[in-house]
Every structure is written in structure tokens, then in C-alpha cells.
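> Here you go, sequence then predicted model.
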Amino acid sequence: MLGGRPVGILGTGAYVPEAILTNEQLSKMVDTSDEWIRSRTGIRERHIAAANQATSDLALVASQRALEVAGLKPDDLDMIVVGTATPDYPFPSTACRLQHKLGATRCGAMDVSAACTGFVYALNTGASFIASGQAKNVLVLGAEILSRITDYSDRNTCVLFGDGAGAVVLSAGAPHRFLGGAMHADGKDPDVLSLPAGGSVLPASQRTIDEKKHFVTLRGRDIFRFAVTRMVELVEAAAAAQGVKVEDVRLIIPHQVNARIIEAAVDKIGLPQERIYCNIERFGNTSTASIPMALDEVVKKGMLKQGDLVVFVAFGGGLTWASATVRPPASRPAPSRT
């Protein structure tokens with residue numbers, strides 16, 4: 001349970017680029033098919049950023065939409081926290097680039113690096129700023145252009161990833177109550193999911209380029225076991241922290257990693273599939289962006305009622321895994337603008 005003053009979600013927003021890459025198009029690029037991709041991942045299509053778009057550009061549109069819903073201006077913000085695995089630059093942070101583009105002249109800004117878990121880490125961090133009295137309004141994002149680090153000659157990875165951004169405005173005392181969260185990590189096996197080159201371990205060179213070390217690599221079976229196990233643990237722990245049973249959780253919004261992983265975890269949790277929100281078919285795996293994008297859809301569709309218990313769960317490279325729990329006010333349907 002989060003201590004200090006109450007924290008809530010005041011607004012949500014999302015954005016995906018216009019260009020769509022379908023399974024049929026991928027089948028002309030690598031040895032794959034729509035049936036092969038759907039049967040293994042549940043993905044039908046994904047959105048791809050334009051050449052002139054940076055991660056901060058996607059984040060900007062999502063932020064503007066979230067601020068509009070929240071009824072706030074950029075200068076009302078005290079902090080911006082961006083979870084991303086594909087920053088504009090190693091430094092300055094994508095959050096600083098976003099701060100400038102948004103015109104938020106009064107606030108601090110920082111990135112959180114926790115791979116696909118980055119948004120939930122950022123959400124817990126932003127909530128802590130407010131609960132401790134260091135901030136009143138915090139903009140939290142997950143934003144990615146994964147297409148820039150995807151090897152489109154590798155059918156095992158290129159079918160998975162898409163680009164997008166999701167934003168949440170946290171505010172002191174907002175009715176969409178943030179109840180608490182948990183963050184975990186285990187760094188003993190970084191190669192399960194990583195971007196090998198470009199850091200101090202393996203600096204960029206002609207060799208790293210020739211060997212395709214600047215693209216995401218993963219061990220699929222290890223990720224499957226890890227994600228299923230941690231998702232079950234996170235949901236059970238989140239329910240216990242609120243003093244309720246798992247069946248009292250109204251909706252789980254997981255990181256959209258892979259439909260088969262999500263289905264396997266839900267079976268172990270023992271909840272019906274309709275208690276899990278999944279939109280991976282239309283967006284693919286957008287890493288940090290997947291949960292806030294899904295939340296924005298849930299809110300705009302009017303799927304929640306007063307007092308519903310909602311749990312976010314994420315897992316990613318590091319390895320990292322985290323959860324956050326909220327009780328929203330009643331939501332009203334609104335047209336989606338993703």
C-alpha cells in the first residue's frame with residue numbers, strides 16, 4: 001500500500017504512427033506467414049514510425065492527449081518520467097526532449113530504463129514523487145520505436161514488435177486512485193533479452209554493425225517461462241496487498257508481450273480470459289508503451305465502473321518485473337484517437 005498523500009490518475013492518452021505493417025507484408029520479407037505468426041504470437045499487425053519520427057515525437061502526441069483529458073497545461077507539471085528502451089539518444093534523456101517539445105518549462109524530467117517493465121517502474125516512481133510531497137502533477141509515459149532496433153531478416157523477432165506511446169497524468173488526490181505497486185529485478189542473466197551493442201560493454205564499431213549486434217536479441221523459451229511465472233506471482237501478490245482474493249480483481253492489464261504467454265498465465269491464475277485486456281493483435285509488442293496504450297483504450301471504451309480493482313503487470317529485460325494497482329472512477333465511452 002502506497003503511503004503519504006493520495007495519488008490518482010487524472011488522464012490518459014495514446015498514439016501510434018499511421019503506417020501499418022501486416023503479417024502478409026512480413027511474409028514477403030522473411031520466411032513466415034500470417035498463420036505462423038498468429039498461431040505463435042496472436043499478432044495480426046503492428047504500427048511503424050515514419051523515418052522523421054523520434055520516440056519523443058510519439059510521446060508528445062500521447063502526452064498532449066492525456067493532458068487534455070486531465071484538464072492540465074504543460075506548465076502544471078512538476079515532473080515527467082518516461083519509460084523507454086528506445087530513447088532519442090543515450091543522453092540527453094527522452095524525457096528532457098519531451099519536456100522541451102511539450103513546453104513544460106517548470107518541471108524536472110528523467111527516463112527510466114527497465115525494458116518492457118519501464119512504464120510500471122515509471123508509474124510507481126511518479127506516484128512516489130506525489131505521495132512524498134515532492135510533486136503534485138506527474139506525467140508518466142511508455143514510448144517506443146522498436147522498429148529501429150529490430151532485425152527484419154530474423155523472423156523470430158521481427159514479427160513481434162511495433163511502435164507506439166501511452167501517457168498517464170498522475171495527480172495528488174485524483175479520483176482514479178493509485179493504491180500501490182511492486183518492483184523486482186534479477187540481473188544474473190542479461191542475455192535472455194538484450195540489445196548487445198552500443199554501450200560500454202560492447203561499444204559501437206564496424207564489427208558490431210556487421211554482426212548485427214545493434215538489434216534486439218531474445219531467448220524465447222526462457223522468456224515464456226519467466227513471463228508466465230512472474231505474471232502469476234504479481235497478480236497474486238497485488239491482490240494479497242489489497243486484502244482481497246484474485247477473483248476480486250476486475251481487470252488485469254498486462255504488458256502485451258505475446259498472446260500465448262498471456263493465455264498461459266491466465267490459465268494458471270484461474271481467471272476467465274475476459275478479465276484480461278489484450279490488444280496485441282492490432283499493435284504487436286510495443287514494450288513500455290503497451291500497458292498505457294491498453295489502459296487508454298479501456299478507459300475510452302467505458303469498460304470500468306466505480307471501485308473496480310485493476311492490476312497492471314509487466315516483465316522485461318534485466319530481468320525485471322513489476323505491478324501497480326488502481327481503483328478507477330466510472331469511465332465514459334469516448335472515441336479512440338490512437
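On my side now, so go ahead.

> Only C-alpha atoms from now on, for both contacts and neighbour counts.
Fine.

> Just the strands from the stretch 1-150 of the chain, written as ranges.
Remark: strands assigned in the stretch 1-150 of the chain by DSSP state E, counting those that start in this stretch are 7-15, 19-22, 45-48, 79-83, 108-112, 137-145.

> partners of the fourth one in the sheet?
Counting by DSSP bridges, the strands paired with strand 79-83 are strand 108-112 (parallel), strand 137-145 (parallel).

> Residues in contact with that strand: which ones?
Contacts with strand 79-83, where a contact means C-alpha atoms under 8 Å, 6 or more residues apart in numbering, come from 94-95, 99, 107-115, 118-119, 121-123, 125-126, 135, 137-143, 288.

> Among the strands of the stretch 1-150 of the chain, which comes closest to Lys212?
Closest of the strands of the stretch 1-150 of the chain to Lys212 is strand 137-145, at 17.7 Å (criterion: C-alpha to C-alpha).

> tell me the angle that closest one makes with strand 7-15.
Relative orientation of strand 137-145 versus strand 7-15 (axes from the mean of the first three to the mean of the last three C-alpha atoms, to 10 degrees): 30 degrees.

> got the CA positions of strand 137-145 in CSV?
Extracted C-alpha coordinates of strand 137-145, given in CSV (Å, rounded to 0.1, in the frame of the first residue of the first chain):
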residue,chain,number,x,y,z
ASN,A,137,1.3,16.5,-11.1
VAL,A,138,3.5,14.0,-12.8
LEU,A,139,3.3,12.9,-16.5
VAL,A,140,4.3,9.2,-16.9
LEU,A,141,4.9,7.6,-20.3
GLY,A,142,5.9,4.4,-22.0
ALA,A,143,7.1,5.2,-25.5
GLU,A,144,9.0,3.1,-28.1
ILE,A,145,10.2,2.9,-31.7
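
> Next SSE downstream of that strand?
helix 155-158 (DSSP states H and E).

> which outside residues touch that following helix?
Residues outside helix 155-158 that contact it (C-alpha under 8 Å, 6+ apart) are Val30, Asp31, Thr32, Thr150, Asp151, Tyr152, Val216, Thr217, Leu218.

> those helices in this protein, which residues are they?
Secondary structure of the chain (DSSP state H): helices located at 23-26, 34-41, 55-70, 94-102, 118-131, 155-158, 206-210, 220-241, 259-269, 280-283, 290-300.
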